[in-house]
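Q: sequence and predicted structure are below.
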Amino acid sequence: MSFLVGTAGTLETAAALDEIAGLLDDGDVLVLSGAGLSTESGIPDYRGPTGASRQHTPMTYQAFTGSPEARQRYWARSHLGWGQIAHALPNAGHDAVASLQRAGRLHGVITQNVDGLHQAAGAQDVVELHGGLDRVVCLTCGNTEGRASLRARMLAANPDFDARIARINPDGDAEIPDEALIGFVPPRCLVCSSDLVKPDVVFFGESVPKPRVQHCFELTAGCRALLVLGSSLTVMSGLRFVRRAAALGTPIAIVNQGPTRGDELATVKLEAPLGETLTALAGRG
């Protein structure tokens with residue numbers, strides 16, 4: 001397989017676009033998207049340009065489950081940060097993916113994002129590899145609750161809570177001063193009253209459920225090509241599907257601003273803005 005590298009504004013870009021368009025023309029393309037696809041919707045990523053100034057590491061599963069103070073800190077930050085996630089709108093990249101799916105050119109969509117923007121753009125049967133921020137789950141009894149309901153309860157429990165938001169993070173929490181946490185009341189489960197209520201997302205240090213992983217491997221095995229969008233593939237969670245596709249001899253296209261851990265496995269790599277690139281690709285159908 002040839003390896004093409006295109007960078008926005010170069011002659012190689014046209015060749016890379018043609019290569020990716022050819023893969024889409026053949027159909028059955030599996031999309032694997034990451035945080036870089038949502039930056040144009042105002043949600044920062046972890047490792048790309050908008051994530052460079054992040055000051056704090058994300059909450060880990062071990063810290064969240066092991067400390068009431070950690071849960072209070074997480075929920076205070078998430079309470080403030082959720083608004084930006086909830087009000088974010090799909091961008092041109094999300095719209096293009098949905099358009100490609102409606103045109104019958106995709107085999108499936110796997111996203112590492114937890115913002116629900118693929119679905120908001122109209123994409124169907126999206127596999128949320130890391131879960132979704134729009135719902136929460138009790139780790140004690142398993143009860144689930146919608147985020148809108150939870151937010152209403154948290155507003156009632158913390159009517160005077162306010163803090164200076166330093167930054168919104170891609171996992172939906174806000175960076176705020178520690179002193180602002182004093183007196184904040186975190187949520188409890190509606191069924192069993194446990195305080196082990198967690199967003200239904202995979203935290204750092206937590207494993208993706210095995211059935212979900214297996215489903216993604218099956219999608220990878222059944223596609224004609226894999227199209228990676230806006231992911232640095234830094235963590236194995238997404239990289240393993242790229243490696244599986246490579247092992248199967250499946251063409252791999254990557255569109256991302258910056259290097260990825262999958263570059264050496266790619267058939268074609270394009271460094272360009274996701275929105276305009278995907279809009280151009282969708283328009284070729």
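A: It's in. Numbers count the residues shown, from 1 in each chain.
Q: following the strand ranked longest in the chain, which helix or strand shows up next?
A: Of all the segments of type strand in the chain, defined by DSSP state E, the longest one is strand 131-138. Where DSSP states H and E defines the elements, the next helix or strand beyond strand 131-138 is strand 144-146.
Q: partner strands of that next one and their direction?
A: strand 131-138 (antiparallel) (DSSP bridges).
Q: in the partner strand, what's buried?
A: Using 16 or more other CB atoms under 10 Å as the test for burial, strand 131-138 gives 131, 132, 133, 134, 135, 136, 137, 138. Using the backbone N, CA and C atoms, a C-beta is placed for each residue, glycine as well.
Q: now those in a markdown table, with distance to residue 81 and pLDDT?
A: Output for the buried residues of strand 131-138, formatted as a markdown table (distance: CB to CB, whole Å; pLDDT from 0 to 100):
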| residue | distance to residue 81 | pLDDT |
| --- | --- | --- |
| 131 | 16 | 97 |
| 132 | 15 | 96 |
| 133 | 10 | 94 |
| 134 | 14 | 94 |
| 135 | 16 | 96 |
| 136 | 14 | 98 |
| 137 | 19 | 98 |
| 138 | 21 | 98 |
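Q: from these, which is closest to residue 181?
A: residue 136 (19.4 Å; CB to CB).
Q: tell me the contacts of that closest one?
A: Residue 136 is in contact with 144, 145, 147, 150, 187, 197, 198, 199, 200, counting by CB atoms under 8 Å, 6 or more residues apart in numbering.
Q: counting neighbours, which of the residues you listed comes out on top?
A: Counting neighbours by other CB atoms under 10 Å, residue 199 leads the contacts of residue 136 with 25 neighbours.
Q: specify the local secondary structure of that one.
A: With DSSP: H, G, I helix; E, B strand; the rest coil as the basis, residue 199 sits in strand.
Q: hmm, it is touching residue 131, no?
A: Yes. If you go by CB atoms under 8 Å, residue 199 and residue 131 touch, sitting 7.3 Å apart.
Q: any shared contact partners between the two?
A: residue 114.
Q: where does pLDDT dip in this protein?
A: Along the chain, segments meeting pLDDT under 70 span 1-11, 46-57, 163-175, 285.
Q: how much space between the residue nearest in space to the middle of the chain and residue 122?
A: Nearest to the mean C-alpha position of the chain, by CA atoms, centre = their mean, lies residue 113 at 1.1 Å. Distance from residue 113 to residue 122, counting by CB to CB, to the nearest Å: 16 Å.
Q: same deal with residue 207?
A: Relative to residue 122, and taking CB to CB, residue 207 is found at 30 Å.
Q: these two - which one has more neighbours?
A: Neighbours of residue 207 and residue 122, each counted by other CB under 10 Å, are more numerous for residue 122; the result is 14 against 9.
Q: confirm that the more buried one sits in a strand.
A: No. Residue 122: not assigned to a strand; according to three-state DSSP it is coil.
Q: who touches stretch 207-224?
A: 23, 26-30, 107-108, 110, 127, 129-130, 202, 226, 237, 241, 244-245, 248, 250-251.
Q: which other helices and strands contact the longest helix along the chain?
A: The single longest helix within the chain, with elements called by DSSP state H, is helix 68-87. Helices and strands touching helix 68-87, by 3 or more CB pairs under 8 Å, 6 or more residues apart in numbering; DSSP states H and E, are helix 61-66, strand 131-138, helix 147-157, strand 167-168, strand 174-175.
Q: redo that, cut-off 7 Å
A: When contacts are defined as 3 or more CB pairs under 7 Å, 6 or more residues apart in numbering; DSSP states H and E, helix 68-87 sits against helix 61-66, helix 147-157, strand 174-175.
Q: rewinding a little: report the angle between the longest strand of the chain and strand 197-201.
A: Strand 131-138 runs at 150 degrees relative to strand 197-201, counting by axes from the mean of the first three to the mean of the last three CA atoms, to 10 degrees.
Q: with just CA atoms, put strand 131-138 into PDB.
A: Output in PDB follows, covering the C-alpha atoms of strand 131-138 (Å, rounded to 0.1, in the frame of the first residue of the first chain):
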ATOM      1  CA  GLY A 131     -19.700   6.000  27.300                       C
ATOM      2  CA  GLY A 132     -21.700   9.200  27.400                       C
ATOM      3  CA  LEU A 133     -21.900  12.200  29.700                       C
ATOM      4  CA  ASP A 134     -25.600  12.500  29.200                       C
ATOM      5  CA  ARG A 135     -26.400   9.800  31.800                       C
ATOM      6  CA  VAL A 136     -25.100   8.700  35.200                       C
ATOM      7  CA  VAL A 137     -24.900   5.300  36.900                       C
ATOM      8  CA  CYS A 138     -24.900   4.200  40.500                       C
END
